[in-house]
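Q: sequence? don't have it. structure:
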């Protein structure tokens, strides 16, 4: 009889605790999700501020990367020819098509869908699990993709208007009239198509390189792991390497820009979340009484 009573009380206690967890779990999860979304929207202006700081404050690194891209442009024809013959031609593998339905909408169809659906899965899993860092990582990943489209695809491609290289530079073969064998063929018109544009005048920088590096950088910083995000992005990127049709300098420029975008987003987010250390300069003063055979008074101590 005593055992039955103890069992009954134990079950009653378990049910009460389960009810308490159930009643507190959803409000807490909803609060976390709401705070993550609010913070992510509020940090949009500071995202661009950090991008500007990355470019302007570390001017030596900016000058170095600019010089690397400019130097590659000068030797782009032989370098890209070598790339097409020795690297691009040797990468021959495919990954399963995970497109949902018959849609051809960018980034939710083809291989690009791997990036979009992966981030969506991470967000949903983190949302229902109440995992704050996962939610921030996924949303910052989507911001990285959006900024990459805006900065690289809409703005910089329009400014440079660079023609894409022939499919085979060695033979001069091309399957359309928008490609060129001249790496200095810049400032072409995009015919008013800036978002869902065609291939004419859209070589520099590579949108895919920008977006993949930006998203990979976000997850690398958020989870402090290089191998998984960059390996995953690399596998998806290389699976359709022949479809990118870029000069080597286009992809290098895209990778650099994407890294700046991803790093800036995370730093902006960390600052708002109180993770980024405050590096503001400060001076603290202390007055210390000093009494000795030689001196009586106060000593001022300044800490910088």
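A: Perfect, I can see it now. What you see is a predicted model; the values in this text were computed from it and never measured.

Q: For the stretch 151-300 of the chain, just list every one of the helices.
A: 157-160, 207-223, 227-238, 241-244, 248-273 (DSSP state H, counting those that start in this stretch).

Q: Just send the ones you listed back as JSON lines, with mean neighbour count, distance to residue 129 and mean pLDDT too.
A: All C-beta spots, glycine's among them, are computed from the backbone N, C-alpha and C. Shown next, in JSON lines, are those (neighbours: other Cβ atoms under 10 Å; distance: least, Cβ to Cβ, whole Å; pLDDT from 0 to 100):
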{"stretch": "helix 157-160", "mean neighbour count": "16", "distance to residue 129": "39", "mean pLDDT": "95"}
{"stretch": "helix 207-223", "mean neighbour count": "26", "distance to residue 129": "15", "mean pLDDT": "97"}
{"stretch": "helix 227-238", "mean neighbour count": "16", "distance to residue 129": "19", "mean pLDDT": "96"}
{"stretch": "helix 241-244", "mean neighbour count": "15", "distance to residue 129": "35", "mean pLDDT": "86"}
{"stretch": "helix 248-273", "mean neighbour count": "24", "distance to residue 129": "18", "mean pLDDT": "96"}
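
Q: Chain neighbours aside, what residue packs nearest to residue 42?
A: Counting by Cβ to Cβ, 6 or more residues apart in numbering, residue 42 lies nearest to residue 272, which is 6.7 Å off, once chain neighbours are set aside.

Q: who touches that neighbour in this structure?
A: 39, 42, 43, 46 (Cβ atoms under 8 Å, 6 or more residues apart in numbering).

Q: Going by neighbour count, which of those residues are buried?
A: Those of those that meet the buried threshold are 43, 46, by 16 or more other Cβ atoms under 10 Å.

Q: so which of the contacts of residue 272 comes closest to residue 110?
A: residue 43 (30.4 Å; Cβ to Cβ).

Q: Isn't that closest one up against residue 268?
A: Yes: assessed by Cβ atoms under 8 Å, residue 43 is found in contact with residue 268 at 4.7 Å.

Q: Give the closest residue to residue 29 in space, chain neighbours not counted.
A: Nearest to residue 29 is residue 130, by Cβ to Cβ, 6+ apart, at 4.3 Å.

Q: count of residues packed around that neighbour?
A: 16 (other Cβ atoms under 10 Å).

Q: surely it meets residue 31?
A: No: the pair residue 130 / residue 31 is not scored as a contact, 9.4 Å apart, by Cβ under 8 Å.

Q: average pLDDT for stretch 188-205?
A: Computed over stretch 188-205, the mean pLDDT rounds to 85.

Q: Other residues contacting that stretch?
A: 106, 149, 152-154, 156-158, 160-165, 176, 178-179, 186, 245-247, 249-251, 253-254, 257.

Q: Give me the pLDDT for the residue nearest to residue 29.
A: On the pLDDT scale, residue 130 gets 89.

Q: With the one 10 residues further on instead?
A: In the prediction, the pLDDT value recorded for residue 140 is 98.

Q: Same question for residue 240.
A: 88.

Q: ok, now which ones touch the spatially closest residue to it that is not a sequence neighbour?
A: Computed as Cβ to Cβ, 6+ apart, the closest residue to residue 240 that is not its neighbour in sequence is residue 111, at 5.1 Å. Applying Cβ under 8 Å, 6+ apart, we find residue 111 in contact with 95, 236, 239, 240.

Q: So residue 83 is in contact with residue 249, correct?
A: No: counting by Cβ under 8 Å, residue 83 stays clear of residue 249, with 10.6 Å between them.

Q: of all the contacts of residue 111, which comes closest to residue 78?
A: residue 240 (24.5 Å).

Q: tally of neighbours for that closest one?
A: 15.

Q: any idea how far it is from residue 206?
A: 13 Å (Cβ to Cβ, to the nearest Å).

Q: what's the answer for residue 118, then?
A: 20 Å.

Q: next one: residue 112
A: 13 Å.

Q: what about the two, which has more around it?
A: Legend: neighbour count by other Cβ under 10 Å for residue 112 and residue 206, higher for residue 206 (30 against 20).

Q: residue contacts, that one?
A: So residue 206 contacts 152, 244, 246, 250, 251, 253, 254 (Cβ under 8 Å, 6+ apart).

Q: Residue 128 too?
A: Contacts of residue 128 by Cβ under 8 Å, 6+ apart are residue 29.

Q: Let me know the helix or strand that it is in.
A: Per DSSP states H and E, residue 128 falls inside helix 113-129.

Q: contact partners of whatever helix or strand comes next after that helix?
A: Helices and strands here follow DSSP H and E; after helix 113-129, the next one along the chain is helix 132-148. Taking contacts as Cβ under 8 Å, 6+ apart, the residues outside helix 132-148 that touch it are 32-33, 36-37, 39-40, 44, 47, 107, 115-116, 119-120, 122-123, 125-127, 207, 210-211, 214-215, 217-219, 222-223, 257-258, 261-262, 265-266, 269, 273.
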